[in-house]
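Visitor: pasting a predicted model and its sequence here:
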Amino acid sequence: MSDFVKVGTKADIAPGKPLVHDFDYDTVVIFQVGETYYCIEDVCSHQEVELNNGRVECDEATGVCRVECPKHGSWFNLESGEAMNLPAKTAVKTFAIKVEGDDILVEEPDPW
Ligand code: FES
């Protein structure tokens, strides 16, 4: 079971201002939407493009929030990592996240 690692504090992140953190084996990005935080791998599953500067939007009817790859426009579900449209076909990794006081902690990626 992976450990949770502090990646920053609430002051380091805001809606529209994601937080990027480098682990040894993965770089992750945390997005804040309202009071909710989502953590995904910071690389598109189509090509090696960072997702941290992608557009984020939520469907008010379903509550599904997603980020758009800035290169070719695939959207990824921020909760599940699912690729929602082509050209990306596979999900990006997601990571458990929790808040303790002002600290933001992310489940450390496995080294494989
Ligand atoms: S690099 Fe992300 S959709 Fe192509």
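Guide: Now that the structure is in, tell me what you want to look at.
Visitor: which ones are touching Phe23?
Guide: Contact partners of Phe23, counting by C-beta atoms under 8 Å, 6 or more residues apart in numbering, are Val5, Glu108, Pro109. Using the backbone N, CA and C atoms, a C-beta is placed for each residue, glycine as well.
Visitor: so which of those sit within strands?
Guide: Members of those lying in strands (criterion: DSSP state E): Val5.
Visitor: would you mind listing what in the protein touches the ligand?
Guide: Contacts of the chain with the ligand, taken as C-beta under 6 Å from any ligand atom, map to Cys44, His46, Gln47, Val49, Cys69, Lys71, His72, Ser74, Pro87, Ala88.
Visitor: tell me which of those residues fall in helices.
Guide: Nothing among these maps onto helices, per DSSP state H.
Visitor: give me the element the residue most central in space within the chain is part of.
Guide: Ranked by distance to the mean C-alpha position of the chain (C-alpha atoms, centre = their mean), the top residue is Ile40 at 2.9 Å. Here Ile40 sits within strand 36-41, counting by DSSP states H and E.
Visitor: centre of the chain to that strand, how far?
Guide: The chain centroid and the centroid of strand 36-41 are separated by 4 Å under C-alpha atoms, centre = their mean, to the nearest Å.
Visitor: fine, thanks again, bye for now.
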